[in-house]
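Q: Below are the sequence and a predicted model; questions follow.
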Amino acid sequence: MADVETTHTPAGSTTVVEKSGSGGAGAILIAIVLLVAVVIGGFYLFGRQNSQNSRDAAITGAAKSVGSAADKAGDAATTAASKQ
């Protein structure tokens, strides 16, 4: 809120001076809130990325295991066919 200072001069005129606050405290508060929001968003973003990477690695490992099992089954079928 603005501070108002009223001065009466001997000539009968009145001078009114309004002093408004700089808003520095409000600006600092807004900056801190924005900084906290950015930090929380960063943790959320990087946390999801690590989770996605872990999921991708697990799927890749499972696919390699299935591929290895398919190779072994193919080799067994080839061996069985060559024995007949």
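A: Thanks, I have it. Numbering: from 1, shown residues only.
Q: Next, work out how far apart residue 39 and residue 70 are.
A: 47 Å (Cβ to Cβ, to the nearest Å). All C-beta atoms are positioned from the backbone trio N, CA, C, and that covers glycine.
Q: Break down the chain into its helices, ranges please.
A: 24-83 (DSSP state H).
Q: what about it, any weak spots by pLDDT?
A: Residue ranges of the chain with pLDDT under 70: 1-12, 14-17, 19-23, 84.
Q: ok, 50 please
A: The model of the chain has no residue with pLDDT under 50.
Q: Just want the most central residue of this protein.
A: Nearest residue to the geometric centre of the chain (Cα atoms, centre = their mean): residue 41, 2.3 Å.
Q: Would you check how far apart that one and residue 73 are?
A: Residue 41 is 48 Å from residue 73, by Cβ to Cβ.
Q: repeat for residue 49
A: 36 Å.
Q: give me the number of residues near residue 50?
A: 10 (other Cβ atoms under 10 Å).
Q: which residues touch it?
A: Residue 50 sits next to no residue when contact means Cβ atoms under 8 Å, 6 or more residues apart in numbering.
Q: cool, and residue 36?
A: Neighbour list for residue 36: empty [criterion: Cβ under 8 Å, 6+ apart].
Q: State the distance from it to residue 45.
A: Counting by Cβ to Cβ, the gap from residue 36 to residue 45 is 15 Å.
Q: next one: residue 57
A: 19 Å.
Q: Likewise for residue 66?
A: Residue 66 is 32 Å from residue 45, by Cβ to Cβ.
Q: And residue 67, by the same measure?
A: Residue 67 is 33 Å from residue 45, where distance means Cβ to Cβ.
Q: do residue 80 as well
A: For residue 80 relative to residue 45 (Cβ to Cβ), the value is 53 Å.
Q: same thing with residue 26?
A: From residue 26 to residue 45 the distance is 29 Å (Cβ to Cβ).
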